[in-house]
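Colleague: Need a 3D model of the following:
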Amino acid sequence: DFDGDQMACHLPLSVEAQSEARTLMLSSHNILSTKDGKPVAVPSQDMILGTYYLTVVRKGTEDKAKRFANYDEVMLAYDSGAIGLQDVIYIRIEGYGLVKTTAGRLIFNEALYPEIRQFVKEEDGTWSLGKVMDKKMVGKLVDQCFQAFGNEKTAELLDRIKSLGYSFARRAGMTIAIADIKVPEVKAGIVEEADTEVNKVSRLYRRGLITEEERYRKTIELWNEAIDNVTEAMMDNMAADQDGFNPVYMMAISGARGNKQQIRQLAGMRGLMADPSGRIIDLPIKANFKEGLTVLDYFTSSHGARKGLADTALRTADSGYLTRRLVDVSQDVIVREEDCDVVGIDLARERARLARNTKDALTYLKDDLIGRVLDRDVVDPMTGEVIADAESIVTEATIEALAESQVKSIALRGAQLGSDSDINHTNIVQTIALGEVDDTIRTTLRNTMIENMLGKDTVYPVIDSEGVEIFPAHTALTEEGIEAILNSDVKEVQVRNNEIHGIEVEAIVEGTGVIEPLKDRIVGRTAAEELINKETGEVIVPLNGEITDELADEVVKHYDTVKIRSVLTCRSPYGVCMKCYGRDLGTGGQVQVGEAVGIIAAQSIGEPGTQLTMRTFHTGGVAGDDITQGLPRVEELFEARRPKRNAIIAEVEGTVRVVPNDNKKGTNTIFITTAEGEEFDYLIPYGSRIIVKDGDVVSLGARLTEGSINPHDIMRVMGTEATQRYLVYEVQKVYKSQGVEINDKHIEVIVRQMLHKVKIEDAGDADVLPGDSIDVNTFEDENRRLRLNGKKEATGVRTLLGITKAALATDSFLSAASFQETTRVLTEAAIKGKIDPLLGLKENVIIGKLIPAGTGMSRYRKIKVVKHTPELEDLVVDTEVVNADIANETTDVETAE
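Modeller: So this is what the prediction gives:
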């Protein structure tokens, strides 16, 4: 178009920018799409037309099939015109014997790597080579190549397919002539028959035997059937034309350009149109573009054309705003740890935190402090004497001087003790009332460990400073074990939660069609249970193992529902963990700590938004099933709004009894009787269509009337898990119906953020007020603390927030203020004296700090650069242990190019 679009050109100047551009942004490193893990770089249009033309087989050439000894002979015969590109031939190939193929398929396979050539074993044991390469098959091939060889070779293959495709599209000489658009001869008969049927229906209506509503619906039904029949006849007719080499047919069938619907308008019949309000006009356009439209036909079709243009303009703005809200609600979801099921305790730091005086605390903290740089002078508050200067390094002598002083805190530069700031104030001591014996520390630690770790399996062996094993790995921690650990100088203990949380997934089915098969839902995810081959009893995927493509094929044979770990059940206090997120769809490998998965999720959902329709089809005044579709439906779900015509759902299980015109207003009432004999009644508003009948047995949450279900009702009746399932399922339904693929995990990230708050009902002894909304994790931690101290726990109920509300309810007031309602957010934050923990991306960008994602994460900024020596080669590195170390690493940052 010529609408003056502008684009910026970025030139990476610094070394960092250049290396980032080369490693992260290079096109050959971005072959997979982050939204569904499928190749984003797939040949299209002319290239597909070329590959289709090259690999299709001409009918009736099998009887005259010639035989050849090798590839060169075939090429010679093709170049001299002895055989056509699509003629069936036989060629001898080493290892496969006599192979059935065509010259075109041979050329195409010659361009592929030997490992992915398309040999197919026939039923009689012979081999054939090649498949018809339409858009779908080319996509599969690129995917297969990526799985087998990775980036570099896939990029090379894409180039080869591109050259072949263009070259043969040119040689094919595809053009569209009026003669290529074939109108099926049976069309007139089909239309006439439909006309007769429609007239019969009209007669019934005129006699008063059916209502206007029924007449309208039946008419639409009849015409839709006729249109489908004409389309079928037209496609069959086109396929038979020129032996299947009709250019229009080839373009549509290969996926290069156009589709059945568009060809139907050219050669079939234009069909039913909508009026300005969106209601379908029950008089279809019987002509097609080849036959030409009458004045009335042209007028009827102009409504739709105008609506289409208006829709497109609105959709762009709506989709953009939806993306912005999604980004805002999920921007602080970052992969922050390897596995949320591992609980650790740093005994040295805990002892120091609980110590009674500076001297005791320093004995525990000594190792953490030596070698660190002081940010400012350390002054004894009692004498005013400077114990150590700023910029100096902490030594044994400094520690001794500190121990004799009354200093309560020091400021260190560089790497931190667990926080994400550049300067870290280490509180050396937390004053405990004098007179308490040192046993207090031990008792507190013992209680903490019993509460959080007792009975859970250790991740690594527990070893003291001498290297003696105090407690073995992969063993349930006992009370004796805890005693032994507290009697030693062990620094850290890590245990794994025995109960793995996850979600049950199954194929998403609508009516008889599968919207999303089970395999697509489990590939690249982590198993939350052992998946076993039910015939042989062998383990297909172990607990916490990744489900790869091959394993998924095997799992699907034995399971209808699979329990997988999910972002929805991840226990990471901030962000998510690697195991619960699973595969990084953009790279095809395990997701890395530091990946900003929230932003990826938001953009994966928002970006295809422009492809969704704005259409809200009304088939007349029918209270039809879910009227809202497309983008407005996605928005309605993410904003957790009450749908326009929401369905009434059963709040108990039981048997239905419908009482029509139960009261003076003429409304219906539904009674549900439970197994215990209790009766519940539901008043059905006037105009709602009931979809249950007397004697039906309904389950909890089943719809009683037509319409979409209000997610808040599901939350109230069936709880959090059912709500999560419903939202993921419904969003998928909209995107899939438009042919857009999005991986579940992106939708799960957003749904997690919508359900992350608890509304306090009874505060107990907690430091909150009834009616407060607090984070689920904060709520659970607070209750754990209260339980430990024998106090009364708080009670609350999980709430479902729409994305706008959830974005404003975030812990960060900077992020909320920069999103919407700035004045209100800032005023409230000022009144409450809020503190922003700076955990998300936005708030760090606002104040100009490094973002806590990617290389900006503290764990990646604390890496020591060591000179490479031959001795290092001999070290076998246990990555898990190294990762555990990095997480607690507190050495200074040294960067080197």
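Colleague: In the stretch 351-500 of the chain, what residue spans correspond to strands?
Modeller: With DSSP state E, counting those that start in this stretch as the criterion, the stretch 351-500 of the chain has strands at 373-374, 378-379, 386-388, 409-413, 423-427, 457-458, 462-463, 469-471, 492-496.
Colleague: Tell me which of those strands approaches residue 758 most closely.
Modeller: Proximity to residue 758 (Cβ to Cβ) singles out strand 492-496 among the strands of the stretch 351-500 of the chain, at 25.8 Å. No exception for glycine: its C-beta is placed from N, CA and C like everyone else's.
Colleague: quick one: average pLDDT of the closest one?
Modeller: Per-residue pLDDT over strand 492-496 has a mean of 83.
Colleague: Can you give the distance of that strand from its chain's centre?
Modeller: Centroid separation between strand 492-496 and its chain, computed with Cα atoms, centre = their mean, to the nearest Å, is 31 Å.
Colleague: what's downstream of it, the next helix or strand?
Modeller: strand 503-506 (DSSP states H and E).
Colleague: on that earlier part again, need the strands of the stretch 351-500 of the chain in TSV with distance to residue 825 and mean neighbour count, can you?
Modeller: As requested, the strands of the stretch 351-500 of the chain are exported to TSV (distance: least, Cβ to Cβ, whole Å; neighbours: other Cβ atoms under 10 Å):
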stretch	distance to residue 825	mean neighbour count
strand 373-374	38	17
strand 378-379	39	18
strand 386-388	42	17
strand 409-413	31	17
strand 423-427	28	15
strand 457-458	44	18
strand 462-463	46	20
strand 469-471	49	16
strand 492-496	39	20
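Colleague: weakest of the ones you listed by average pLDDT?
Modeller: strand 423-427 (a mean of 49).
Colleague: Same list, the strands of the stretch 351-500 of the chain, but as TSV with distance to residue 111 please.
Modeller: Shown next, in TSV, are the strands of the stretch 351-500 of the chain (distance: least, Cβ to Cβ, whole Å):
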stretch	distance to residue 111
strand 373-374	59
strand 378-379	70
strand 386-388	70
strand 409-413	58
strand 423-427	58
strand 457-458	52
strand 462-463	57
strand 469-471	58
strand 492-496	49
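Colleague: Figure out which of the ones you listed is closest to residue 187.
Modeller: Using Cβ to Cβ and comparing these, the one that lies nearest residue 187 is strand 492-496, at 67.9 Å.
Colleague: Mind giving me the packing neighbours of that closest one?
Modeller: With contacts taken as 3 or more Cβ pairs under 8 Å, 6 or more residues apart in numbering; DSSP states H and E, strand 492-496 sits against strand 342-346, helix 347-354, helix 439-453, strand 457-458.
Colleague: ok, back up a step: and of the strands of the stretch 351-500 of the chain, who's closest to residue 259?
Modeller: strand 492-496 (51.5 Å).
Colleague: strands paired with the closest one, and their directions?
Modeller: strand 342-346 (antiparallel), strand 457-458 (antiparallel) (DSSP bridges).
Colleague: Lowest average pLDDT across those strands?
Modeller: The bottom spot among the strands paired with strand 492-496, by mean pLDDT, belongs to strand 342-346, with a mean of 76.
Colleague: what's next to it, contact-wise?
Modeller: 445, 448-449, 452-453, 456, 459, 491-497, 884, 888 (Cβ atoms under 8 Å, 6 or more residues apart in numbering).
Colleague: Quickly name whichever of the residues you listed is closest to residue 281.
Modeller: The shortest gap between residue 281 and any of those belongs to residue 497, at 60.7 Å (Cβ to Cβ).
Colleague: got CSV for the strands paired with strand 492-496, with distance to residue 5 too?
Modeller: What follows is the strands paired with strand 492-496, written out as CSV (distance: least, Cβ to Cβ, whole Å):
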stretch, distance to residue 5
strand 342-346, 50
strand 457-458, 58
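Colleague: picking that back up, out of the strands of the stretch 351-500 of the chain, nearest to residue 118?
Modeller: Of the strands of the stretch 351-500 of the chain, nearest to residue 118 by Cβ to Cβ is strand 492-496, at 45.2 Å.
Colleague: of all the strands paired with strand 492-496, which lies closest to residue 720?
Modeller: That would be strand 342-346 among the strands paired with strand 492-496, by Cβ to Cβ, at 22.6 Å.
Colleague: And that closest one, how far out from the chain middle?
Modeller: 29 Å.
Colleague: Provide the angle between the direction of it and the direction of helix 439-453.
Modeller: For strand 342-346 against helix 439-453, the angle by axes from the mean of the first three to the mean of the last three Cα atoms, to 10 degrees is 170 degrees.
Colleague: Look at the closest residue to residue 738 other than its chain neighbours and say how many residues are nearby.
Modeller: Leaving aside its chain neighbours, residue 738 sits nearest to residue 612 (5.3 Å; criterion: Cβ to Cβ, 6 or more residues apart in numbering). Number of residues near residue 612 (other Cβ atoms under 10 Å) recorded here: 23.
Colleague: and if you look at residue 587?
Modeller: Count around residue 587 with other Cβ under 10 Å applied: 18.
Colleague: quick one: contacts for it?
Modeller: By Cβ under 8 Å, 6+ apart, the contact set of residue 587 is residue 32.
Colleague: Which pLDDT value does the model give it?
Modeller: On pLDDT, residue 587 comes in at 85.
Colleague: Distance check, it against residue 543.
Modeller: 25 Å (Cβ to Cβ, to the nearest Å).
Colleague: Could you look up the SS state of residue 540?
Modeller: strand (DSSP: H, G, I helix; E, B strand; the rest coil).
Colleague: I'd say it and residue 557 touch.
Modeller: No: counting by Cβ atoms under 8 Å, residue 540 does not reach residue 557; the two are 9.2 Å apart.
Colleague: Which of the two has more residues huddled nearby?
Modeller: Between residue 540 and residue 557, counted using other Cβ under 10 Å, the more crowded position is residue 540 (22 against 10).
Colleague: how about the strands of the stretch 701-850 of the chain, start to end?
Modeller: Counting by DSSP E, counting those that start in this stretch, the segments of the stretch 701-850 of the chain that form strands are 757-762, 773-775, 795-799.
Colleague: what lines up beside the shortest one in the sheet?
Modeller: In other words, strand 773-775. Counting by DSSP bridges, strand 773-775 is paired with strand 757-762 (antiparallel).
Colleague: rewinding a little: mind checking the strands of the stretch 701-850 of the chain for the one nearest to residue 234?
Modeller: strand 795-799 (53.7 Å).
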